[in-house]
Every structure is written in C-alpha cells, then in structure tokens.
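Undergrad: the sequence isn't on hand, but the structure is:
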C-alpha cells in the first residue's frame with residue numbers, strides 16, 4: 001500500500017530539513033528525535049529488527065525564544081533570548097543522542113533551500129523538506145522549490161493549523177456573545193499534506209496545489225507573526241499544534257519503517273479528536289509501480 005520511495009539493498013540516507021521551530025516545529029522535532037532513537041535502540045527493542053538507515057537533520061529558524069513561547073512551545077525560562085534551533089538541538093538532540101545541525105536563519109530565497117538540500121552527490125538519498133511554518137509566504141517559496149528542477153526527487157511534508165478567531169481592535173472581553181461562540185470553536189482544525197516527486201514527475205501535489213488560496217495569498221510575508229500571541233488568548237490551539245505535529249511524525253515514522261508514503265493528506269480537528277486521512281489513490285499506486293519498472 002502506498003508509494004515506495006526506496007527499494008535499494010543499501011542503507012537509505014534520510015536528509016531532513018525542518019523549517020520552523022515554533023508550536024508545530026518544536027513538538028515535531030522532539031518526537032522525530034525520539035522516533036529515530038528507537039530505531040537505534042538497544043538489542044531486543046521492538047524496532048531492533050528494522051532495516052537501519054543513515055540520516056542528517058537540519059533545524060532551520062531565526063526566531064529567538066520569547067517569554068510568550070513558554071506555554072505552548074517546548075522551551076523553558078533558561079532558553080529565553082536563545083535561538084530556538086540551538087535550544088532544541090541542545091535539549092533533544094543531546095538527550096536522544098541525535099546529531100542535529102542548527103541553522104539560525106530565515107529562509108527567504110530559493111538559493112537558501114538549494115544549499116540546505118544540496119544532495120545531488122549523496123548515495124541512496126531520500127531528501128525530505130518539512131514545513132512547520134505559520135505563514136503562506138514561506139509555503140509559496142517551498143512550493144516554488146518543489147516544482148523547480150533543482151532536485152528530481154523530493155518529499156515535502158507541510159503541517160498547518162487554523163488561526164484562533166480574533167476581531168481586529170477588540171479584546172476578548174469586548175466580544176459579542178456571537179463572537180465569543182465563534183472564537184470558542186475556532187483554532188482547532190488543521191491539515192498535514194505530503195507532496196512527492198520522483199524523477200521529476202509529481203506523484204502527490206504539495207500543499208500549495210491542494211489548497212490553492214495558499215499560493216494566491218498576497219498579504220503574508222516572511223517571517224510572519226508567531227503563533228504564541230494567539231495561544232495566550234486561546235490555549236486550545238496548543239492541542240492543535242500537537243495534533244498536527246503527531247500526524248507529521250507518523251508520516252515520517254512510516255517512511256523510516258517501510259520506506260513508503262501511504263497518505264497524501266490529513267484534515268483534522270483537535271477539539272473532537274477527529275482526523276480524515278486521504279490515502280494515495282489506488283490508480284496512482286498502480287501507475288507509480290509501473291513507472292518504477294522503467295527506471
């Protein structure tokens with residue numbers, strides 16, 4: 001079931017670039033380190049017979065930790081003022097004995113993505129771009145990179161969440177009863193989308209082609225306002241971030257375990273603990289299998 005991204009007998013090399021280390025990204029990164037550590041666990045563990053792999057993780061973001069981040073992101077008081085990428089690398093990379101390269105930089109140009117994903121000379125490489133950002137401008141850039149001819153093969157996983165309903169110029173205690181109802185039920189939904197191309201052919205469209213309003217958004221800039229301020233007003237959104245991160249982690253774990261992409265996208269709602277996965281269509285799976293025979 002799904003699209004097999006690697007069938008070689010040699011160890012695959014997962015080249016993972018994570019953009020964004022806020023509410024989605026910090027939870028995603030921590031779980032990713034833990035997942036990888038289980039594959040390198042002690043003899044007799046549940047994963048001890050899994051096929052081993054090599055990997056490299058790049059953690060990319062120029063944000064520094066602020067006090068407003070402490071409630072919904074995985075930082076503590078000692079991290080305030082430090083680059084988020086460094087704080088996360090030091091805490092979770094070292095805890096799980098995972099080597100991580102931190103890059104304290106905002107990605108605003110294609111050339112930066114090209115440097116981070118320059119794997120053309122790597123053997124058995126599976127390049128993965130993980131978008132954990134809160135602005136569509138960066139998504140537009142990642143979509144442009146995905147559809148460029150820089151890499152023939154690329155997996156692009158993007159996690160996004162709905163913003164909490166706000167009324168410009170109003171504080172929460174100034175909301176009408178109807179606005180309070182809307183705000184109370186907002187901020188819980190989100191989506192995770194997997195884009196995939198092989199030998200230059202797109203087999204799964206990335207998020208910008210699934211939700212077209214992302215590419216037409218002309219108001220978003222990079223980097224945009226962080227998630228933290230909304231969290232302080234509506235704590236439920238923290239659950240949404242963790243839900244998004246967990247789905248993205250599950251997709252990564254499937255890649256580690258079976259080298260497959262089984263799900264194209266997942267729409268979810270954290271308030272009702274509901275998720276609606278869209279699996280890779282059977283017709284696409286069949287066409288892809290026939291394609292693999294030709295390369």
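TA: Cool, the structure landed. Here the structure is a predicted model, which is why all the values come from computation and not from measurement. Residues are numbered from 1 along each chain as shown.
Undergrad: C-alpha only now, for contacts and for neighbours.
TA: Will do.
Undergrad: secondary structure class of residue 15, three-state.
TA: Following DSSP: H, G, I helix; E, B strand; the rest coil, residue 15 is assigned to strand.
Undergrad: how about residue 142?
TA: The local conformation at residue 142, judged by three-state DSSP, is helix.
Undergrad: please apply the same query to residue 149.
TA: Assignment for residue 149 (three-state DSSP): coil.
Undergrad: report pLDDT for it.
TA: We have a pLDDT of 96 for residue 149.
Undergrad: neighbours of it, how many?
TA: 11 (other Cα atoms under 10 Å).
Undergrad: nearest residue to it other than its sequence neighbours?
TA: Nearest non-adjacent residue to residue 149, counting by Cα to Cα, 6 or more residues apart in numbering: residue 200, 7.2 Å away.
Undergrad: name the next helix or strand following the longest helix seen in the chain along the chain.
TA: Ranked by number of residues, the top helix in the chain under DSSP state H is helix 237-258. Per DSSP states H and E, the first helix or strand lying C-terminal to helix 237-258 is strand 260-261.
Undergrad: which strands or helices does the longest helix of the chain pack on?
TA: Helix 237-258 sits against helix 23-39, strand 154-161, strand 189-198, helix 228-233, strand 260-261, strand 263-269, with contacts defined as 3 or more Cα pairs under 8 Å, 6 or more residues apart in numbering; DSSP states H and E.
Undergrad: JSON lines for those, including distance to residue 290 and mean pLDDT?
TA: Formatted as JSON lines, the helices and strands packed on helix 237-258 follow (distance: least, Cα to Cα, whole Å; pLDDT from 0 to 100):
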{"stretch": "helix 23-39", "distance to residue 290": "31", "mean pLDDT": "93"}
{"stretch": "strand 154-161", "distance to residue 290": "19", "mean pLDDT": "96"}
{"stretch": "strand 189-198", "distance to residue 290": "13", "mean pLDDT": "97"}
{"stretch": "helix 228-233", "distance to residue 290": "47", "mean pLDDT": "44"}
{"stretch": "strand 260-261", "distance to residue 290": "16", "mean pLDDT": "98"}
{"stretch": "strand 263-269", "distance to residue 290": "19", "mean pLDDT": "97"}
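Undergrad: next one: residue 204 from residue 27, what distance?
TA: 25 Å (Cα to Cα, to the nearest Å).
Undergrad: and the helices and strands packed on helix 237-258 as TSV, adding mean neighbour count?
TA: Shown next, in TSV, are these (neighbours: other Cα atoms under 10 Å):
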stretch	mean neighbour count
helix 23-39	22
strand 154-161	24
strand 189-198	23
helix 228-233	17
strand 260-261	20
strand 263-269	22
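Undergrad: make TSV from the ones you listed and add distance to residue 81 to it.
TA: As requested, the helices and strands packed on helix 237-258 are exported to TSV (distance: least, Cα to Cα, whole Å):
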stretch	distance to residue 81
helix 23-39	16
strand 154-161	26
strand 189-198	29
helix 228-233	15
strand 260-261	38
strand 263-269	33
